[in-house]
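A.B. asks: Fold the following, please.
(chains A and B)
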Amino acid sequence: MSGKIIVIAEQFDGKIKPVSLELAGFGKEISQTTGGELIGVALGFPALALAREFARASGLKVIGLEHPNLETYNADSFVQALSKFIPGQNPDYILIPHTAIGWDFAPRLAAALNGSCLSVITGLKMDGRLRFLRPICSGKLMAEVEPAPDTVAVITVNPGAARAIKPDAPGQAEFVKMDLAETATKNLGYTEAKRGALDLTKAEVIVAAGRGLGKVENLELVKTLAGLFDKSAIGASRAVVDAGWLPYEHQVGQTGQTVHPKLYLALGISGAIQHLVGMTQSELIVAVNTDPKAAIFNVAHLGVVQDLIKFLPALIEKIKEIK
Amino acid sequence: MMKILVCVRSVPLPESSFRVNGAGNFYDQSELNSQVNEYDLFSIEEAVRLKERFKDVEITVVSVGPQRVDLEIKKALAQGADQGARIDDPQGLEKDSLSVASLIAKWASDKKFDLIFCGLMSQDLQRYQTGPMLAQLLSLPCATTIVAMTVSDDRKKIICERELEGGVREKVELLLPALVSVQSGINQPRYASLSNVLKARKIKIPVLPPEPMPGLKPGEKTGRIYLPEKRGKCEFLQGGPEQVAEALLEKIRGKANLFSER
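C.D. replies: Presented below is the predicted three-dimensional model:
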């Protein structure tokens, strides 16, 4: 093992996604403790322009892997290409963004390389050797994980785990043509979900509903409360959208919208990492939940441990009094 | 006959109060009530809908763990699966994803399943790993995070919609046999009918020895499990609903003028 750290950029439509620079930032944190060399990798067709873009933005030396099957994302082709390329590099760490593309191929790559997969990593810790941190049980507990001895670690790094890398100077870029076989997977293209008129990023106050509300009828309380604020909008956790209580356009979090209002009122939201990445940048976070151990209180500024069905009417009355 | 496998995990109720175990390397599993991992309920529902459409479909549910996970296998059977199987590993619930995938892969490798369902992740360990690893070990094409799927009439392929960030969907076609990992919200799982619950109770669940795939190195190692450090900035407001509402309002008004006060 060479100590090398490979940073695999994510691209969409021929453009390097910003999460790739956070990933390089996370790689730099590892490199600062281990001294390992950082190398960027971008898969695509054509690959040189992508490799150059990533090298310019990250300052890393970047190698592009090129094949027509890599033009758009294809899990089989990605795993094939990387399984051929990686062994020659002999890295200790392979970093991949924890996104719907990253978590799709990273575990397969780990299995193909006979390595260890460390997923949903939000931080690292050095005490003798490197350990990586993953929130579990909806953030109520943290797990410290590490690769099995003498295996390459394939790590999916959660968005927001590190600051974007600031390059000193553009890195060098090169590319290699890959020889890949046809696969049983075909990418048929992308569609944008129908987005309603609701742009949550414009709201100054977001009143967000979670499954802790208990039943759909209790949404009326949320709507009434939201109506008392200026420039307000109703947000929702994924669970609420899945249950059909509110349409997708209200969803906050990794697969919904990322917001940073002046006030975020989290009502009955547990605070799983998938939700938190969409709202922790809010100026003031108020959480109301009956469970004092809910992970939402780890990011909230003000916490209220109350039954929403009793508390919300009281809050609504108080606001009406001052208006 | 189309053969479908649904992988199911027994998880503690997500609202449970979790404590660290004595060894400090897992959560304390005693005194926790269990349920079928919610993502797996969506998988079972999707499988049952295929059975309703194609009729000659056999749905098998498999789970890795000690005897108590039979409870969850029975619940899956009550949702409409035909048969169950438990890979009898007393430490199965604590193991890393690669080890779990390896046990399922070895058992499934000669069963000729046409389609394998996994949940996107487990609600307790939230690793997103087992499904794609199982696909890799069985050399199957795989799509994760699917929010819609259609099997072709000739049952030779499946078209899936994967949910990416920001509302983008990726359409991907897999030739069967294949594995899919299901995102929540793909359907509304049905409630088990009483007759199905009673029928499921009578189904005997075969107990299988835990055999890993040969030649695999061990996977990820969990060192320590701990309560997250509080960032220490959350101020809890105490009192009855009215008192707390008033205190909260004062704090919010001090922060920003968010009301059009008339």
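A.B. asks: ok, the closest residue to residue A:45 other than its chain neighbours - how many residues close by?
C.D. replies: Distance criterion C-beta to C-beta, 6 or more residues apart in numbering or on different chains; nearest residue to residue A:45, sequence neighbours excluded, is residue A:71 at 3.9 Å. (C-beta placed from N, C-alpha, C; glycine too.) Neighbours of residue A:71 under the rule other C-beta atoms under 10 Å in any protein chain shown: 17.
A.B. asks: backbone phi and psi for residue A:71, please?
C.D. replies: phi -60, psi -50 (degrees, to the nearest 10).
A.B. asks: distance of it from residue A:99?
C.D. replies: 18 Å (C-beta to C-beta, to the nearest Å).
A.B. asks: Over to residue A:174?
C.D. replies: Shown here: residue A:174 relative to residue A:99, a distance of 26 Å by C-beta to C-beta.
A.B. asks: Quick check on those two: which one has the bigger neighbour count.
C.D. replies: Here residue A:174 and residue A:99 are compared on neighbour count by other C-beta under 10 Å; more neighbours surround residue A:99, at 24 against 13.
A.B. asks: Helix, strand or coil: sort out that one for me.
C.D. replies: Put simply, residue A:99 is coil when judged by DSSP: H, G, I helix; E, B strand; the rest coil.
A.B. asks: I'd guessed it sits against residue A:22; true?
C.D. replies: No: when contacts are counted by C-beta atoms under 8 Å, residue A:99 is not listed as touching residue A:22 (10.9 Å).
A.B. asks: any residues in contact with both of these two?
C.D. replies: residue A:159 (C-beta atoms under 8 Å, 6 or more residues apart in numbering or on different chains).
A.B. asks: Shouldn't residue A:230 be within a strand?
C.D. replies: No: under three-state DSSP, residue A:230 falls outside any strand and is assigned coil.
A.B. asks: ok, it to chain B distance?
C.D. replies: Using C-beta to the nearest C-beta, to the nearest Å, residue A:230 is found at 5 Å from chain B.
A.B. asks: my read: that residue touches residue A:262, true?
C.D. replies: No: look at residue A:230 against residue A:262 with C-beta under 8 Å: they stay out of range, at 10.4 Å.
A.B. asks: So the two - more neighbours on which side?
C.D. replies: Set residue A:230 next to residue A:262 and count neighbours by other C-beta under 10 Å: residue A:262 wins out with 18 against 11.
A.B. asks: What segments of the stretch 1-150 of chain B are helices?
C.D. replies: Here the stretch 1-150 of chain B has its helices, by DSSP state H, counting those that start in this stretch, at B:38-54, B:70-78, B:97-108, B:130-137.
A.B. asks: buried residues in the first one?
C.D. replies: Residues B:38-51 are the ones in helix B:38-54 that count as buried (16 or more other C-beta atoms under 10 Å in any protein chain shown).
A.B. asks: I'd assumed residue A:291 was in contact with residue A:307.
C.D. replies: No: the pair residue A:307 / residue A:291 is not scored as a contact, 11.2 Å apart, by C-beta under 8 Å.
A.B. asks: The two: who's more crowded?
C.D. replies: Neighbour count, other C-beta under 10 Å: between residue A:307 and residue A:291, residue A:291 has more, with 18 against 14.
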